[in-house]
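J.: sequence and predicted structure below; questions after.
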Amino acid sequence: MGTEFFSEEQKLRPIDVCAVENALVDLLVRGSDADIEKLGMTKGIMQLVDANAQKIVLEKMGTRPVEIELGGSAANALRGMAILGAQTSYSSVVGRDKYGEAFAKRLKELSIMNNLQMGSTGTGTCLVVVSPDGERTMNTHLGACREYTKNFVPIGDIRRSKIFFTTGYCWDTPNQIEAIEHAIEVARKGGAKVAIDVADPFAVSRSHAVFTRLVDARQVDVLFANAEEAQMLVGCKGMDAAKILAEKIDVVAVKDGAHGAYVSYRGTVSFVPAFSTTVVDTTGAGDMFAAGFLYGLVRGYSVEMCGRVGTLMASDNISHLGVRLSSDIARRVQELLV
């Protein structure tokens, strides 16, 4: 049995999810805990760096092989949804370089509506160091992403969408903050649901007041957070965190790693166990959880089923290096939904 989350008018909207966020190219390398410490990084955390710092860290990695994959949290999530058949739209800023061209090409291949703008600096990059236990530690250079302005917000696509989606990474430069808050306002006034993935403890520490304000003002309809992020937001984890957040948010998912997730719809909290898998790299696990969850939501399934699809997508993703899904993932999701 599904939810009554969407109105009849919203169900007819042609775009399932429209997202605004930071378009990045992931640079994936394997490294030890000692490597992470030597590079001045904090294990399991994302930190923002400038172009020179990124260059220095890459040089310190020496001759280690680097895998290149298109990234950015919301772009990853849309990629997962598009593979499942959702209609999606994406907006960000990239540079006039090979990375920007590759990003646009990938959007086209996935039939994701392209609302990219061209910036004056290079496309942003995210160095992802994957340690032996599968944990990912990130240095992010936002590059052209930081040039995103209010004028770039895809107002038409947001108004034609069931859900507007973004993440905590967007609260960075003053112009980005103005743009993302304008996009949320457009969504609220235009009748689109607002979904936010807290995304990273770093984002919570930097923008705690923003998240609290949005939640208290009931500007968020769907919220994703992992255990650590939930602890930072409301002072507790798991079921307790889901219950507190559910007091002001219709749909909540508090992820608890290998254990599963606590999902809530209008105050009723349920536990969804994780799928067993071999962990290779946890990069993008939360993104693919959001992808599966939002896909289930726009298709009208219960939050428990949305959580199951999300955990399936996340477990499949972490069995690969980088943000990738198995070629049969769409079939497996459909079998789960039957």
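T.: Here it is on my side, so go on. Numbers count the residues shown, from 1 in each chain.

J.: sec struct for residue 96, please.
T.: Three-state call for residue 96 (DSSP: H, G, I helix; E, B strand; the rest coil): coil.

J.: bridged to the closest residue in space to it that isn't next to it in sequence, which residues?
T.: In this structure, residue 96 finds its nearest non-sequential neighbour in residue 118, 5.5 Å apart by CB to CB, 6 or more residues apart in numbering. Using the backbone N, CA and C atoms, a C-beta is placed for each residue, glycine as well. Note on residue 118: beta-bridge partners by DSSP bridges are residue 94.

J.: in contact with residue 118, which residues are there?
T.: With contacts defined as CB atoms under 8 Å, 6 or more residues apart in numbering, residue 118 is in contact with 93-96, 100, 144.

J.: now do residue 298 against residue 306, distance only.
T.: 10 Å (CB to CB, to the nearest Å).

J.: what does residue 331 give?
T.: Between residue 331 and residue 306 the computed distance is 18 Å (CB to CB).

J.: same check, this time on residue 54
T.: 36 Å.

J.: residue 298 and residue 306: who's more crowded?
T.: Taking other CB atoms under 10 Å, residue 298 and residue 306 do not tie; residue 306 has more neighbours (30 against 25).

J.: for the stretch 1-150 of the chain, which segments count as strands?
T.: In the stretch 1-150 of the chain, the strands defined using DSSP state E, counting those that start in this stretch lie at 15-20, 24-30, 46-48, 67-71, 88-94, 113-118, 123-130, 136-143.

J.: any low-confidence regions in this protein?
T.: Counting by pLDDT under 70, the chain shows low-confidence ranges at 1-3.

J.: now the helices for it?
T.: Using DSSP state H, the helices assigned to the chain run over residues 8-11, 33-38, 51-60, 73-84, 98-109, 155-159, 174-190, 201-216, 227-234, 238-245, 285-298, 303-317, 329-337.

J.: any chance of TSV for the strands of the stretch 1-150 of the chain, columns distance to residue 187?
T.: Formatted as TSV, the strands of the stretch 1-150 of the chain follow (distance: least, CB to CB, whole Å):
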stretch	distance to residue 187
strand 15-20	8
strand 24-30	23
strand 46-48	25
strand 67-71	24
strand 88-94	12
strand 113-118	14
strand 123-130	24
strand 136-143	23
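
J.: neighbours around residue 276, how many?
T.: 7.

J.: dihedrals phi and psi, it?
T.: The phi/psi pair for residue 276 (degrees, to the nearest 10) reads phi -70, psi 140.

J.: is it correct that it is in contact with residue 315?
T.: Yes - shown here, residue 276 and residue 315 form a contact pair, counting by CB atoms under 8 Å, at 7.4 Å.

J.: what residues are up against the closest residue to residue 296 other than its chain neighbours?
T.: Distances taken as CB to CB, 6+ apart put residue 306 closest to residue 296, at 3.5 Å, once the chain neighbours are dropped. Residues near residue 306 by CB under 8 Å, 6+ apart: 253, 263, 292-297.

J.: recalculate using a threshold of 7 Å.
T.: Applying CB atoms under 7 Å, 6 or more residues apart in numbering, we find residue 306 in contact with 263, 293, 296-297.

J.: ranking these by neighbours, who comes first?
T.: Of all the contacts of residue 306, residue 293 has the most neighbours under the rule other CB under 10 Å, reaching 33 neighbours.

J.: nearest residue to it in space, please, no chain neighbours.
T.: What sits nearest to residue 293 in space, not counting adjacent residues and going by CB to CB, 6+ apart, is residue 310, at 3.8 Å.

J.: was I right about that neighbour contacting residue 294?
T.: No - assessed by CB atoms under 7 Å, residue 310 is found out of contact with residue 294, at 8.4 Å.

J.: related to what we said a few turns ago, looking at the helices of the chain, which is nearest to residue 270?
T.: Set against residue 270 and scored by CB to CB, those come closest in helix 303-317, at 5.0 Å.

J.: neighbours of the residue lying closest to residue 177 once chain neighbours are set aside, just the number please.
T.: Closest residue in space to residue 177, ignoring its immediate chain neighbours: residue 171 at 5.4 Å, by CB to CB, 6+ apart. A total of 17 residues lie near residue 171 under the criterion other CB under 10 Å.

J.: residues in contact with residue 171?
T.: 177, 180, 206-207, 210.

J.: quick one: it and residue 24, what's the gap?
T.: 16 Å.
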